[in-house]
Structures are given as structure tokens and as C-alpha cells.
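Asker: Have a look; sequence and predicted model below, questions after that.
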Amino acid sequence: MVGRRWWRRELARSRAAAWFALAVPVMVGAGCVEHETSAGYRSVAGDQAWRWEGGARLVLRSLPQIIRPSEPFNIELEPLVGRDVARACRVEVSARPPEDAARRLVNRGRPDRLLEDPRTVVVVRPITPGEALTFPVALSDEWVWRTASIEAQLLCGDGVLEVVEGAAREGRGPFAGARTVATLGVVPTAGAGRTVSAPRIAAPITVDGVLNEAVWQDGRWPLYESRFSGVTARHGGQETAVKMAWDEEFLYVAGALTDADIVSSLEGRDAHLWTEDVLEVFVFSKEGAGYLEIQGSPDGDLFDASFTGHRQGGPAWDGGAKTAASVQYAATDSRQELGWQVEFALPWRDVCAHTDAPCSPAPNQTIKVNVFRIDKSRGGRSFGSALAPTWSADFHLASAAATVRLVADP
């Protein structure tokens, strides 16, 4: 109850601040001005508007039909407000990951402690009476989602006004219990998913589970929550980062996994490692159906399987992959686990025999790979994270895999 009382007090304070900034009743403009949109944009009917408490309205004029990461686009709104509101208020438009918006939606009624996704884009514009507002936006090239949620808020003084008409969701922090965020739309993106680069190395990597080679020291890729595609996985601070490299014989994969409660008791080739702490590597075909799955445990045990189609096949196949792992402990307490590291070496002869990846790798070639971590707690809870989120509980989705580009230089 204390939490609920807190956010209600904060909401009341916010409203008071907003109304103090306005000072006079809101005057709503009348009519809608026709607006032509550029190629690649769709017009929005003039009656698609959002109304805030006090009567202020925003009319959505255009949204892009599709968003391409790194390519700028515009969102156009027409505020229908009086001059006093225009002086006191600003319009904030944001493009955020859909999962980021969804988590805040289901978080209603509680203070919002979720971190803002670093790839969210926010643009704030002052209001000029009688003029439409254009919000220039560009998504990061690290955008891994298939859609972007476009939202707006009306900021007045130190407060945020509540939406009383139109699609909306709860706000953040002290506004987590009020519908302060207008949902303008969900726009598909044309991103190809996550793309990473794997450098070629001059000398073979010693697969010993210790990431002391120079190629592993920087430029690692964080894993994201595997089902919901959110920000870097933050399950109890147990983060995961991976990287890949290659030479003419092997595709190498390395993982550094923070873990204060390692669960690893299974032994032997092709044990069911996915039921405990594990790092999994999938190499998919770009066009065909065949793929490989390799798993490594904190104790260095190996699981490998080949598939001719989605989940068609299994561990009866034993390939030539190698893996090794090491566990890190606190310097002051040899019993306190800090995490583990793992290395894999996948022979190209296995990869090209079971996928359509090249048998003779070369710079600028691409392969489809995904990496997953299953983090098992001693209490029984499992948490998954992924190089490229799958949008489902199925790790065997080739369509969600990352594109790994083989490059010449580290």
C-alpha cells in the first residue's frame, strides 16, 4: 500500500505542476488541416486524435509505412491547443521497442523500476499555435525488433498530463498508474535482425575455456532476453557476452557468463545440458532447412546435434566440434562463484556438410548463427538470453538468427 500511495501522491503532484504551468483553461482548436505526405508515408484521418485532460488534443497526420534502421523518418502531429497551452507545454514523441512498451503496460499500478532501453529514440518539440509539428527520428542500426512502437506525451511544466481519449498506456516511475502515454501506432521495420562481424585470426585458438586470446578481449556482443527481445539481460546482474572468430579450419565461439550460482551436474557426451546452465550455438542454413546445434556446460561437457529440418534430427550425430570451459571465483573466497567462460571450435567441414554455409570461408561471406544462454538458478527458475531474440520459447527458429559476417581484420 505504501507504493500505491507514493505513486498516487506523485501523480497528483505532477498534475498540479502541469495545471500550474497552464494557469488558464485549455482552449481546443477546431477543424483539421489537410496534409499531403511524402512517398513512403501513409496519411492518417483527421479524426484520429488523442485528447488529454483539460481538452488539449493532438491529431496524427502521418506515420511511415515502414522504418529502416539508420534511415531518418518523420512523424507529423498537429496540436489543437490554445496559446497558453502552447507556451506551457511541449510534445514528446518516442520510438521504442515494442517489448519495452509492453512491459511498462503490464507494470501498471506499481512504481516503474525498468531501465529505458538504450535504443529508444526520444524527440521533444515546443508547440507553435496553428502549426503542425515534424519529429525527425532515426532508429539505431542495432534495432533487432520487427516493429517500433510510436508514442507521444504532453509535457507541461514539470508534469505530464493524462490521456482521456485515444489509445494510451501507463507512464513510467511516479506515473506508472496513469494513462499518460498516447500510443500513436506500431510500425513494421525493415531491419534484417542483428548483424555482427567475426574477424579472421592468424593463429589457431587454443580451446581451453580461458578467454585470454587477444581477439576475445574487446568488441564482445551482449545477449538479450531471448523471448521478449529487450535490453541486455539483467537477471540478477548475470550478464552474458559472446564473440566469434574464424580461420580456414574452424568457426570459433567464446562466451563470458556472469553467474553467482552455477548449476552443472550432468556429465558425458550429449547429456541433456539444456536442463542446467548452458551456452548453446546454432548454425542455420540461409536458404535450406539443415542446421547444427552445439552446447557447452560450465564443466566443459559437449552436446552436439544435426537437423535436416525444424527439430528433425538430434544428438545421434557426433561431429568434430571441440569445447572447454572454466569457472571464475572471488579472489577473497574460493567458494564464491563469479561466472564461467566457454570456448567452441566448430569445423567448417561439419558446418558445410549440414548447412548451406561455405566449406571454404572467405571475407565478406555471411552465415546465420544464434547463441543462447540458459541460466538455471538453484531454486529451479530458468532464464534465457539470446544473441538474436526469437520472439518465442523456441530456440530452433532459423528466421530469428543473427547474420554473422566474416571479416578479414580483427
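Answerer: Arrived safely. Numbers count the residues shown, from 1 in each chain.

Asker: list the contacts for the closest residue to Glu165 other than its chain neighbours?
Answerer: Distances taken as Cβ to Cβ, 6 or more residues apart in numbering place Arg51 nearest to Glu165, at 3.9 Å, with adjacent residues excluded. Any C-beta I mention is one placed from the backbone N, CA and C, and that applies to glycine too. Residues in contact with Arg51 (Cβ atoms under 8 Å, 6 or more residues apart in numbering) are 57, 163-166.

Asker: Using PyMOL, define a selection of the buried residues within those residues.
Answerer: One line in PyMOL is enough to select the buried members of the contacts of Arg51, burial here meaning 16 or more other Cβ atoms under 10 Å:
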select buried, resi 57+163+166
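
Asker: Break the protein into its domains for me.
Answerer: With automatic domain parsing as the criterion, the domains of the chain are listed as 2-188, 195-407.

Asker: got any ranges where the stretch 1-150 of the chain has weak pLDDT?
Answerer: The model of the stretch 1-150 of the chain has pLDDT under 70 over residues 1-47, 99-116.

Asker: can you give me the strands for it?
Answerer: Per DSSP state E, counting those that start in this stretch, the stretch 1-150 of the chain carries strands over the ranges 41-43, 49-52, 57-64, 73-80, 89-96, 121-126, 133-137, 147-156.

Asker: And the strands in the stretch 201-350 of the chain?
Answerer: For the stretch 201-350 of the chain, the strands identified by DSSP E, counting those that start in this stretch occupy 221-222, 224-225, 240-246, 250-258, 278-284, 291-296, 302-309, 312-314, 322-330, 333-347, in order along the chain.

Asker: got the contact list for the nearest residue to His272 once chain neighbours are set aside?
Answerer: For His272, the nearest residue in space outside its immediate sequence neighbours is Leu266; the separation is 6.5 Å by Cβ to Cβ, 6+ apart. Contact partners of Leu266, counting by Cβ under 8 Å, 6+ apart, are 272-273, 275-276, 297, 301.

Asker: at 7 Å instead, please
Answerer: Applying Cβ atoms under 7 Å, 6 or more residues apart in numbering, one finds that Leu266 lies in contact with 272-273, 276, 297, 301.

Asker: Tell me the one among the residues you listed nearest to Leu154.
Answerer: In terms of Cβ to Cβ, no member of the contacts of Leu266 lies closer to Leu154 than Glu276, at 49.8 Å.

Asker: Can you get me a residue count around the closest one?
Answerer: Around Glu276 there are 20 other residues, counting by other Cβ atoms under 10 Å.

Asker: Could you double-check that it lies in contact with Asp375?
Answerer: No: under the criterion of Cβ atoms under 7 Å, Glu276 lies out of contact with Asp375, with a separation of 9.7 Å.

Asker: residue boundaries of the helices in the chain?
Answerer: Taking DSSP state H to define them, one finds helices in the chain at 2-22, 83-88, 98-106, 348-354.

Asker: For the last one, C-alpha coordinates in PDB please.
Answerer: Read that as helix 348-354. What follows is helix 348-354, C-alpha atoms only, in PDB (Å, rounded to 0.1, in the frame of the first residue of the first chain):
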ATOM      1  CA  TRP A 348      33.900 -25.800 -41.300                       C
ATOM      2  CA  ARG A 349      33.600 -29.400 -42.700                       C
ATOM      3  CA  ASP A 350      30.800 -30.100 -40.300                       C
ATOM      4  CA  VAL A 351      29.100 -26.700 -40.900                       C
ATOM      5  CA  CYS A 352      29.100 -27.000 -44.700                       C
ATOM      6  CA  ALA A 353      28.000 -30.700 -44.600                       C
ATOM      7  CA  HIS A 354      24.800 -29.900 -42.700                       C
END
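
Asker: and that helix, what other elements does it pack with?
Answerer: Taking 3 or more Cβ pairs under 7 Å, 6 or more residues apart in numbering; DSSP states H and E as the contact definition, the neighbouring helices and strands of helix 348-354 are strand 250-258, strand 291-296.

Asker: most packed of these?
Answerer: Using mean count of other Cβ atoms under 10 Å, the stretch among those with the greatest mean number of neighbours is strand 291-296 (a mean of 26).

Asker: That strand vs strand 302-309, what angle?
Answerer: Here strand 291-296 runs at 170 degrees with respect to strand 302-309, directions being taken by axes from the mean of the first three to the mean of the last three Cα atoms, to 10 degrees.

Asker: and strand 291-296, average pLDDT?
Answerer: Strand 291-296 carries an average pLDDT of 97.

Asker: residues in contact with it?
Answerer: Contacting residues not belonging to strand 291-296 are listed as 273-274, 278-285, 302-307, 321, 323, 325, 342, 344, 346, 350-351, 354-355, 398 [Cβ under 7 Å, 6+ apart].

Asker: ok, it: who's next to it in the sheet?
Answerer: Sheet neighbours of strand 291-296, with direction, are listed as strand 278-284 (antiparallel), strand 302-309 (antiparallel) (DSSP bridges).

Asker: which one of these lies closest to Pro98?
Answerer: Closest to Pro98 of the strands paired with strand 291-296, according to Cβ to Cβ: strand 278-284, at 24.1 Å.

Asker: how about the closest one: buried residues?
Answerer: Buried residues in strand 278-284, defined by neighbour count with 16+ other Cβ under 10 Å: 278-284.

Asker: now stretch 261-281
Answerer: 262-264, 266, 270-271, 273-274, 276-281.

Asker: Of these, just say which sits nearest to Ala203.
Answerer: Checking these against Ala203 by Cβ to Cβ gives Val281 as the nearest, at 21.9 Å.

Asker: what's the spacing between the closest one and Gly255?
Answerer: Computed with Cβ to Cβ, to the nearest Å, the distance linking Val281 and Gly255 is 9 Å.

Asker: One more: Asp409?
Answerer: Counting by Cβ to Cβ, the gap from Asp409 to Gly255 is 22 Å.

Asker: Equivalent analysis for Gln312, please.
Answerer: Distance check for Gln312 against Gly255: by Cβ to Cβ, it reads 27 Å.
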